[in-house]
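[1] my questions are about this predicted structure, shown below with the sequence.
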Amino acid sequence: MSQAVLILGATSAIARATAAAFARQGYALYLASRDVDELRRIAADLQLRYGVEVRHGVFDAEATATHEAFFQSVVKAMPALHGMVLAFGFLGDQMAARDFKLGEKIIAANFTGAASILSHCANYFEPLKRGFIIGISSVAGDRGRQSNYVYGAAKGALSLYLQGLRNRLFASGVRVITIKPGFVDTAMTYGLPGLFLVASPQDIGARIVRSLDKPADVVYLPWFWRYIMLIIRHIPEPVFKRLKL
Amino acid sequence: MVTKVAPISGWGRYPVEPCELERPERYADLRPFEGGLIVRGQGRSYGDASLNENGRVLLTERVNRLLELDAEKGILRAEAGVTLAEALDVIVPKGWFLPVTPGTKFVSLGGCVAADVHGKNHHCDGSFGDHVLEMEMILADGRRMLCSPAEKPALFWATVGGMGLTGIIGEVALKLTPVQSGHMMVRHHSADNLEQLFQLLEDPATDDRYTVAWLDSLATGQHLGRGIAMFGHHASREELPSGMESSSKPKRSHSIPFDFPAFALNSLSIGAFNALYYSREGRKREPFLSGYDPYFYPLDAIGNWNRLYGKRGFMQYQCVIPGSAAFEGIKTVLEKLSGSRRPSFLAVLKRFGAQGKGLLSFPMAGYTLALDLPIRDEGLFDLLAELDKVVLKHGGRVYLAKDARLSAESFRAMYPRYNDWLKIKKAADPKNIFSSNLSRRLKIAEEAA
């Protein structure tokens, strides 16, 4: 039986490309998101293109009470589950900083929901002493900026959570990788002004899968974002607070 | 949904218009837009068919999922944004091929339906629409509707060749052709003039499933219309040498990285190329094997080949002239072309089979000629208007998928089934929500109700 990968938030462009890159390597897939119609379409597509087993099921990141049962159903369907990719995320809009109701949803989708499902995954892989967890965070989580700090805070919290998880699971041989994509050409960014060096989802997807063969624990994609963020993180706060970012 | 304003063009890079681009990633987001829109797949029509100046253009490039392949019956169901290249990757290893393919595989299924594209096998297998079993459309009022030759046939045949003006094509079910290998068995015959070339293309003794002729567009006088007729069919297992893999692997492709200067393609360089090509390819009289990629898609091996024509772009003029008038008509077109001293880099002649049911479809029984002409000056437009007159006089028509300049009057004269089409368009889209630069140039649906 081929090893299986669970993709959470499977209908985004990055997730679809990542799933395709796994399928190309012969992995079976379990795709999960809220949108059943899209899941059905993407699953059929991946199955036809790559000839691997693809299953799908409904998953709602914000409905944390359902996560345990969801994860059990995945394990039942895919006994050879070997890894998971946490690809869901919700950008929200600018108003989230002023209206907590909007902000709360961003935090719930990007962090609370992620922490919930990650705990079930980690508890499953830890005693098996194998497997991997890839969390897709964001460069936005590296420093708070006035333009999207609610999203940034949620993603920053996710990065920290993954860091701690990596520390915990190291002893059991479970790989935990944090992916920090810069600008990617997806529905989330399409038509937004001021973007530069935009990467294709296919490129990002392929590199996410390749990160498993490399030693880095925190992966900026594409690579130059490591240096862009290195500079941004090192701007002294008295200067940074004056910038319009 | 967030949109992006950007200048876009068709493959000929003329005209270029600012459009408001919307690029959905979910099937449910394929929706009409109240303010008007046109759908664009891969943007491979040559002129203005996929443009909507200062208006909405719905891109289907990300709604491109293969949904189902019945490997027994050879039926592929997929979203309309899927390209022929993507379909081929999946179907050829399973022993199937596209029933009809144009000269590039980088086109979407939806575009193939909307332009009712044809291939080298039109005289045997008809056009693309003849092999569509069913499609799901999203209409102007947002309703989803299944249509097929049996279910809603009027809408179906108005959409086949309808240039995207009847609604959004969402999903397509296509009947495939069985093949025993990914290879083609090909023969070349050279002809010293147009008359010989016509004879070659008409001769049942030399005919094959796929036929097309390459023309030396610069040859004049008694050599006018000299060229090479190329015949081919899918190679059977017995025709493959033993040990040869039955699938054919595409070669690595190259890309044109910048716009060539306008003078790069001139009478001298094209003349030299043509002479070389004629003597080299004309010698291949013995049947030889070719992968399906170089056979059907020679230009796909050169990415962005449209940049060869320089910044100002080019026009492809493709016309068909029916029946017994074809020889005279094509000859006159070629004479006018060589008299104009405007070299055509590519000139292709092909015999068509009977006209299909698509009300605005291009093919009709006769001969079709396609010419690639760089845009250097306004004189080209005058020349092409003159060619329109020749085509009209001989009862022919011009291919809308290649066109950027035909007049509304000539269009109506060339497409006599337009009025039947218009009734269906008005019933399906009474507010003319689906409109493009092409439809406005041709004053389509602007008639008083």
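    Right, received. Where do you want to start? As the structure is a prediction and not an experimental result, all values here were calculated from the model.

[2] quick check on the residue in the stretch 51-200 of chain B positioned nearest to chain A: phi, psi?
    Closest contact between the stretch 51-200 of chain B and chain A, by CB to the nearest CB, is at B:R65 (3.8 Å). (Glycine included, C-beta is placed from N, CA and C.) Here is the backbone geometry of B:R65 (degrees, to the nearest 10): phi -100, psi 130.

[3] and B:F434, by the same measure?
    phi -90, psi 100.

[4] so what's it up against?
    With contacts defined as CB atoms under 8 Å, 6 or more residues apart in numbering or on different chains, B:F434 is in contact with B:P32, B:G36, B:L37, B:I38, B:V39, B:A140, B:G164, B:L165, B:T166, B:G167, B:I168.

[5] for the third one, what are its contacts?
    Contacts were defined as CB under 8 Å, 6+ apart; by that measure B:L37 touches B:E22, B:N52, B:G55, B:R56, B:V57, B:L58, B:I433, B:F434.

[6] how about low-confidence regions in chain B?
    By pLDDT under 70, the weakly predicted segments of chain B are B:245-253, B:262, B:448-449.

[7] all helices for it, in order.
    All helices of chain B, identified by DSSP state H, fall at B:84-91, B:109-114, B:122-125, B:153-159, B:194-202, B:267-281, B:292-296, B:326-339, B:379-393, B:408-414, B:418-428, B:437-441.

[8] quick one: those helices as CSV, columns for distance to B:E238 too.
    Putting these into CSV (distance: least, CB to CB, whole Å) gives the following:
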stretch, distance to B:E238
helix B:84-91, 22
helix B:109-114, 31
helix B:122-125, 21
helix B:153-159, 39
helix B:194-202, 26
helix B:267-281, 26
helix B:292-296, 18
helix B:326-339, 36
helix B:379-393, 43
helix B:408-414, 45
helix B:418-428, 46
helix B:437-441, 47
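
[9] any idea which of the ones you listed is most buried?
    Using mean count of other CB atoms under 10 Å in any protein chain shown, the stretch among those with the greatest mean number of neighbours is helix B:109-114 (a mean of 30).

[10] thinking again about what came up before, in strands only, show me the contacts of B:L37.
    Within the contacts of B:L37, residues falling in strands by DSSP state E are B:E22, B:R56, B:V57, B:L58.

[11] name the member of these with the most neighbours.
    The residue in those with the most neighbours, by other CB atoms under 10 Å in any protein chain shown, is B:L58 (28 neighbours).

[12] next, the buried residues of the longest helix along chain A.
    Of all segments of type helix in chain A, defined using DSSP H, the longest is helix A:149-169. Residues A:149-159, A:161-163, A:165-166, A:169 are the ones in helix A:149-169 that count as buried (16 or more other CB atoms under 10 Å in any protein chain shown).

[13] other residues contacting it?
    Here helix A:149-169 makes contact (CB under 8 Å, 6+ apart) with A:89-92, A:96-97, A:102-103, A:106-107, A:109-111, A:114-115, A:118, A:122, A:125-126, A:133, A:135, A:137-138, A:140-145, A:175-176, A:178, A:180, A:217-218.

[14] tell me the mean pLDDT over it?
    Average pLDDT, helix A:149-169: 97.

[15] returning to what we had before: in TSV: the ones in strands among the contacts of B:L37, plus distance to chain A.
    Below are the ones in strands among the contacts of B:L37 laid out as TSV (distance: CB to the nearest CB, whole Å):
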residue	distance to chain A
B:E22	8
B:R56	12
B:V57	13
B:L58	13
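
[16] switch the residues you listed over to CSV; also include distance to B:A158.
    CSV is the format used below for the ones in strands among the contacts of B:L37 (distance: CB to CB, whole Å):
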residue, distance to B:A158
B:E22, 24
B:R56, 22
B:V57, 21
B:L58, 19
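
[17] touching, B:W11 and B:Y46? I think so.
    Yes: assessed by CB atoms under 8 Å, B:W11 is found in contact with B:Y46 at 4.9 Å.

[18] those two: who's more crowded?
    More crowded of B:W11 and B:Y46, by other CB under 10 Å: B:Y46, with 27 against 23.

[19] now do the contacts for the more buried one.
    B:Y46 makes contact with B:G10, B:W11, B:G12, B:M315, B:Q316, B:A401, B:K402, B:D403, B:A404, according to CB under 8 Å, 6+ apart.

[20] the residue nearest to the last one when sequence neighbours are not counted and B:E136: what is the separation?
    Meaning B:A404. Take B:A404 and drop its neighbours on the chain: the residue closest to it by CB to CB, 6 or more residues apart in numbering or on different chains is B:G47, 2.9 Å away. Note on B:G47: its distance to B:E136, by CB to CB, to the nearest Å, is 28 Å.

[21] out of the helices of chain B, flag the one nearest B:M184.
    Closest of the helices of chain B to B:M184 is helix B:292-296, at 4.3 Å (criterion: CB to CB).

[22] which residues are contacting that closest one?
    Helix B:292-296 is contacted by residues B:88, B:92, B:97, B:101, B:103, B:105, B:119-120, B:182-184, B:186, B:232, B:234, B:248, B:250-251, B:300-301 when judged by CB under 8 Å, 6+ apart.

[23] now those: which count as buried?
    Among the contacts of helix B:292-296, the ones that count as buried by 16+ other CB under 10 Å are B:88, B:92, B:97, B:101, B:103, B:105, B:119-120, B:182-184, B:186, B:232, B:234, B:248, B:250, B:300.

[24] follow-up on the earlier one: isn't the residue of the stretch 51-200 of chain B closest to chain A up against B:V82?
    Yes: B:R65 lies in contact with B:V82 (CB under 8 Å); the separation is 7.1 Å.

[25] higher neighbour count, those two?
    The neighbour comparison of B:R65 against B:V82 (other CB under 10 Å) goes to B:V82, with 27 against 24.

[26] show me what counts as buried in stretch A:16-28.
    In stretch A:16-28, counting by 16+ other CB under 10 Å, buried: A:R16, A:A17, A:T18, A:A19, A:A20, A:A21, A:F22, A:A23, A:Y27, A:A28.

[27] so which of those reach chain B?
    When CB under 8 Å from any CB of the partner chain is applied, no member of those is adjacent to chain B.

[28] closest to chain B among these?
    Lowest distance from chain B to the buried residues of stretch A:16-28 (CB to the nearest CB) belongs to A:R16, with 8.3 Å.

[29] distance of the closest one relative to B:L155?
    A:R16 sits 32 Å away from B:L155, going by CB to CB.

[30] A:P236 now?
    Noted for A:P236: a distance of 65 Å to B:L155, by CB to CB.

[31] ok, B:N419 next?
    For B:N419, the distance to B:L155 - CB to CB - is 16 Å.

[32] does B:Y367 have beta-bridge partners, and which?
    Judged by DSSP bridges, the bridge partners of B:Y367 are B:I321, B:R351.

[33] that one against B:Q318, yeah?
    No: look at B:Y367 against B:Q318 with CB under 8 Å: they stay out of range, at 11.3 Å.

[34] what is the burial count for B:P24?
    19.

[35] what sits against it?
    Neighbours of B:P24 in contact, by CB under 8 Å, 6+ apart: A:A187, B:M1, B:L30, B:L58, B:L59, B:T60, B:R62, B:V63.

[36] just among those residues, which is most surrounded?
    Highest neighbour count within the contacts of B:P24, by other CB under 10 Å: B:L58, with 28 neighbours.

[37] from chain A, how far out is the spatially closest residue to that one that is not a sequence neighbour?
    With CB to CB, 6+ apart as the criterion, B:L58 has its nearest non-adjacent residue at 4.8 Å, and that residue is B:V39. According to CB to the nearest CB, to the nearest Å, B:V39 and chain A sit 17 Å apart.

[38] who's in contact with B:V39?
    Counted by CB under 8 Å, 6+ apart, B:V39 has contacts B:S50, B:V57, B:L58, B:T60, B:G110, B:A114, B:G164, B:I168, B:I169, B:F434.
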